[in-house]
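# With the input below, show me the fold.
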Amino acid sequence: MATTDEAVINYTLYEDDEEYCGIVQVDLPSLKFMTTTVSGAGIAGEVETVLIGQMSAMEITLKHTILTKRGLALSTPEVHKWELREVQQTVDNATGKLTPTGVKHVIKAYPKQMDGGTLKPQSTSDPTTVASVLYWAEYRDGVLYMELDPLNYICYINGTDYLKSVRSALGK
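Next comes the predicted model:
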């Protein structure tokens, strides 16, 4: 059955299992693997190679409409556990049937920057919270598809634990 991914229907932000009441747009982290450049005998120049499961620092950005007491709480200098509960829509290319899929992102992050936004009449002020991501997992309809946990040497994507042999070799 061929399907086409269409859109995010909606999502909600939770902190410690409590729904955040406010409008917030989220820029999810970017996963970037660390690399090293290899050169020397037997190579015509240089090759950039990816280091297995080694991740560059990740960050998440929360964009609010206005600065609120609850929004300020998301910026306190402590580790936060956020869940983004999202519903994505796909369409069956043959039948046209629309199907919603539940996606949950679990993020553990430490806020590192808060921008108070801009004040002007009759508009949003657009404050932001930027946080350093310590942990990111993604579940689809309750099944774990991705778990990135640099502090515990976990890089699990689509059923493969890329750091399992590295942890084993390190005695972890």
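# for this structure, what spans make up the helices?
For the chain, helices defined by DSSP state H occupy the ranges 69-73, 164-170.
# So which of the ones you listed is nearest residue 12?
The closest approach between residue 12 and any of these, judged by Cβ to Cβ, belongs to helix 69-73 at 13.4 Å. C-beta: built from backbone N, CA, C; applies to glycine.
# where's the closest one relative to the chain centroid, distance-wise?
In terms of Cα atoms, centre = their mean, to the nearest Å, the gap separating the centre of helix 69-73 from the centre of its chain is 21 Å.
# Now do the buried residues in that helix.
Judged by neighbour count (16 or more other Cβ atoms under 10 Å), helix 69-73 contains these buried residues: residue 71.
# And for stretch 102-109?
Under the neighbour-count criterion of 16+ other Cβ under 10 Å, stretch 102-109 has 103-109 buried.
# same question, stretch 63-82
Of the residues in stretch 63-82, 63-65, 67, 71, 74-75, 80, 82 count as buried by neighbour count, 16+ other Cβ under 10 Å.
# The residue lying closest to residue 78 once chain neighbours are set aside: how many residues sit nearby?
Using Cβ to Cβ, 6 or more residues apart in numbering and skipping the chain neighbours, the partner closest in space to residue 78 is residue 110 (7.3 Å). Residues within reach of residue 110, counting by other Cβ atoms under 10 Å, total 14.
# Next: residue 161.
A count of nearby residues for residue 161, using other Cβ under 10 Å, gives 15.
# if you go through the chain in chain order, where are the strands?
Per DSSP state E, the chain has strands spanning 3-15, 18-19, 24-27, 33-39, 46-55, 58-64, 80-92, 98-115, 128-140, 143-149, 154-157, 160-161. These are given in chain order.
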